[in-house]
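> Got a predicted model here, sequence first, then my questions.
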Amino acid sequence: MRIAHFGHSCVLVELHGTKILFDPGNFSHGFEGIDGLDAIAVTHQHPDHIDANRIDALIEKNPGARLLCDPQTAQLRGGPWEAVHAGNVLTVGEVRITGGGGRHAVIHPEIPVVDNTVFQLGTPDDPTQFVHPGDSLWVPPTSVGVLALPAAAPWMRISEAVDYLRAVAPRTAVPIHYGIIADAAQGIYFGRLSEMRPADTEFTVIEPEDHAEF
């Protein structure tokens, strides 16, 4: 597996010869020129996860890519976007994708909760080799290889991030969703997550526009 990070929640996952780009939002950069994608996957409708000003150009560069998203985003975008509900199973290239979760984390009781699809990538025998939870703390039912771990959010305390990391206990955790904090503050979040992670979990930071192999 090869994972490239383009800031915030946008990651490119290459698994079993299949390329899937997640959450190209307005806090992310460097994904604009990517081509050869098999799928573009959007966890939910918020602009830091789908940039309305750049998504159409990205689709034009990748005419063969399947467009996968949560049900509400599919309604809003229309056209070729496919709604992926919790429990849905589909195949893109050599990768099995399973939908999970279903709802965004609560930001405040007065703010409506939107749909949020957790994308689980793998094979029938190992369905959670990679998990992107979007803006949720939903725990997959099977052992996780690489977890894209939300590190900072308006809807989450650092204690919740630690508890989520411990509940999932992936083989590797890669922090995402930290475009909302200053660069100088990243060490506070990464330090706590690294120090308090499960003993068998590796904590690996992929800098924006860099990549790592797992």
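Structure's in. What do you need? Since this is a predicted model, take the numbers as computed values, not measurements. Numbering: from 1, shown residues only.
> Check the gap between the residue nearest to the spatial centre of the chain and Pro71 for me.
For the chain, the residue whose C-alpha lies nearest the mean C-alpha position (Cα atoms, centre = their mean) is His132; its distance is 3.3 Å. For His132, the distance to Pro71 equals 17 Å [Cβ to Cβ, to the nearest Å]. All C-beta atoms are positioned from the backbone trio N, CA, C, and that covers glycine.
> and what of Gly33?
When distance is defined by Cβ to Cβ, Gly33 is 30 Å away from Pro71.
> what's Ile34 in contact with, if anything?
Contact criterion Cβ atoms under 8 Å, 6 or more residues apart in numbering gives Leu12, Leu21, Leu58, Lys61, Asn62 as the residues in contact with Ile34.
> Looking at those, state which has the most neighbours.
Top of the contacts of Ile34 by neighbour number is Leu21, holding 23 neighbours under the definition other Cβ atoms under 10 Å.
> which of Gly33 and Pro71 has more neighbours?
Here Gly33 and Pro71 are compared on neighbour count by other Cβ under 10 Å; more neighbours surround Pro71, at 20 against 8.
> Please tell me I have it right and that one contacts Asn88.
No - look at Pro71 against Asn88 with Cβ atoms under 8 Å: they stay out of range, at 9.9 Å.
> so is Thr98 in a helix, a strand, or just coil?
At Thr98 the chain is in strand, as set by DSSP: H, G, I helix; E, B strand; the rest coil.
> That should have said Tyr164, apologies.
Bear in mind the rule, three-state DSSP; under it Tyr164 is helix.
> Run a quick check on it versus Leu137, I expect a contact.
Yes - counting by Cβ under 8 Å, Leu137 is a contact partner of Tyr164 at 4.4 Å.
> hey, what's in contact with both of those two?
In terms of Cβ under 8 Å, 6+ apart, Tyr164 and Leu137 are both contacted by the residues Pro150.
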